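Engineer: Dropping a prediction and its sequence here:
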Amino acid sequence: MAEGTTTTSFPSDLTIRTTEMHTGGKPVRIIESGYPEPRGTTIIEKRKWMKTCADEYRKLLMFEPRGHYDMFGALLVSPDLPGADLGVIFMHNEGYGTMCGHAVIALGRYAVDRRLVKAVSPETRVVIQCPCGPVTAHVQYSQGRSAGVRFHSVPSYVFALDVSVKVSGVGEVVVDISYGGVFYAVVPAQRLGLDLITSSTSSVADVAQRVTEAVKSTVTLHHPDSPDLAFLYGTIVTDGGDHSLSQHGDAPTTSICVFANKQVDRSPCGSGVSARLALQYRRRVISLGQVRDFRSGVTGSQFTGSVLREVELKGAGFRGGDVVGVVAEVSGRAHYTGMNTFTVEADDVLASGFLAK
């Protein structure tokens, strides 16, 4: 059944240009021109304006026939934060995110290659203002070519440990809730009756979405900076690697992240890795500076992560007072897949796009 087939009137001369990339298999559609200029002084205000005044453009590019159920987009906007090189608003099949690590990795390369920043060898620093705050990407650069990217996100922290929720079709399940620019529920696959090797991706996505719904109905989230950041983005189903080191020594820990409207991340999920690093550090599974590999249960692609340092987080939004957060470093690689020019014909009854489940 298709969603989102309401006809919308677009300008007759509409032309939207994008550059297409992927990070670990997850697409990043970078919107360069032709999109309405978001109004607002801050990036949060611009994100709100897009939700209320220009959402049909998100559907145009994210939904079929120009996109697909798991498409992901990044709209470049002017930053309002001093020292930021560019601003970005993330979009997907449900709406607008506040942080996206796989997109940050792609945008780091893009900013260097498009000369949005001055390229410096062996590594170029790019400060990207995301709705959650500033994220610093460090882009490998040598002999005129960009390569791998590592980024430091906003402080990550554990919101709650061992929360019991009632999941439809499963029963009582204990999950953790951790923040890496967005909030995630994190749960080992075994507790859901799943196996990341033998269970199908669709079955993992279905159960993970039910976990997200259960947590949303049970737990009230808080964020000290803005209520716009206090929402559960999705659920990360893991191999249990947040509770103990792999039995195989240095083997990567595997997970599948399901976010927004049951969207499946093909990459290991950069914001999810940040959230998991905070969780692993809290549980004393890893120590400061310890490097760990994170693998996607969908494509097998990998990110590398570590906890650089602790930070004390203060604010009324934290339950029980101040908490200890961490600054995490996540590394990965993004690749270009092409460029697009999108147009709309006046008699196209499916111009607004649709999602076929």
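Structural biologist: Sure thing, it's come through.

Engineer: Run a quick neighbour tally on the closest residue to Thr41 other than its chain neighbours.
Structural biologist: Closest residue to Thr41 apart from its sequence neighbours, by C-beta to C-beta, 6 or more residues apart in numbering: Asp80 at 6.3 Å. Every C-beta, even on glycine, is put in place using the N, C-alpha and C of the backbone. Neighbourhood size, Asp80 [other C-beta atoms under 10 Å]: 15.

Engineer: what pLDDT does Asp80 get?
Structural biologist: On pLDDT, Asp80 comes in at 96.

Engineer: Residues in contact with the helix ranked longest in the chain: which ones?
Structural biologist: Counting by DSSP state H, the longest helix found in the chain is helix 201-218. With C-beta atoms under 8 Å, 6 or more residues apart in numbering as the test, helix 201-218 has contacts from 163, 165-170, 173, 175, 177, 185, 187, 189, 192-194, 196, 232, 234-237, 256, 258, 262, 264, 297-298.

Engineer: Show me how to select, in ChimeraX, the buried members of those.
Structural biologist: Only the buried entries of the contacts of helix 201-218 go into this ChimeraX selection, using 16 or more other C-beta atoms under 10 Å:
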select :163,165,167,170,173,175,177,185,187,189,192,194,196,232,234,235,236,237,256,258,262,264,297,298
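
Engineer: Could you pull up phi and psi at the spatially most central residue of the chain?
Structural biologist: Per C-alpha atoms, centre = their mean, the C-alpha nearest to the average position across the chain is that of Cys100, at 2.9 Å. The phi/psi pair for Cys100 (degrees, to the nearest 10) reads phi -150, psi 110.

Engineer: Could you report the pLDDT at it?
Structural biologist: 98.

Engineer: surely it meets Ile89?
Structural biologist: No: using C-beta atoms under 8 Å, Cys100 is not in contact with Ile89; the gap is 10.3 Å.

Engineer: Between these two, which contacts overlap?
Structural biologist: Shared contacts of Cys100 and Ile89, counting by C-beta under 8 Å, 6+ apart, come down to Ala74.

Engineer: what separates the residue nearest to the centre of the chain from Ile128, distance-wise?
Structural biologist: Note on Cys100: its distance to Ile128, by C-beta to C-beta, to the nearest Å, is 10 Å.

Engineer: With Gly34 instead?
Structural biologist: 21 Å.

Engineer: wait, doesn't Ala275 sit right on Ser178?
Structural biologist: Yes: Ala275 is in contact with Ser178 according to C-beta under 8 Å; the separation is 4.0 Å.

Engineer: overlap in contacts of those two?
Structural biologist: Ser156, Tyr184, Val186.

Engineer: how about the second one, secondary structure?
Structural biologist: Which is Tyr184. Secondary structure state of Tyr184, per DSSP: H, G, I helix; E, B strand; the rest coil, is strand.

Engineer: from what I can see it touches Gly272, true?
Structural biologist: Yes: under the criterion of C-beta under 8 Å, Tyr184 makes contact with Gly272 at 5.8 Å.

Engineer: hmm, back to that, and Gly34 and Ile128? which has more neighbours close in?
Structural biologist: The neighbour comparison of Gly34 against Ile128 (other C-beta under 10 Å) goes to Ile128, with 24 against 17.

Engineer: For the more buried one, pull up the helix or strand it's in.
Structural biologist: Per DSSP states H and E, Ile128 falls inside strand 123-130.

Engineer: what comes up buried for the following helix or strand past that strand?
Structural biologist: Next in sequence after strand 123-130, counting helices and strands by DSSP H and E, comes strand 133-142. Within strand 133-142, the residues scored as buried using 16+ other C-beta under 10 Å are Gly133, Pro134, Val135, Thr136, Ala137, His138, Val139, Gln140, Tyr141.

Engineer: just checking, the second one touches Asp85?
Structural biologist: No: if you go by C-beta under 8 Å, Pro134 and Asp85 don't touch, sitting 9.9 Å apart.

Engineer: Give me the common contacts of the two.
Structural biologist: In contact with both Pro134 and Asp85: Val127, Ile128, using C-beta under 8 Å, 6+ apart.
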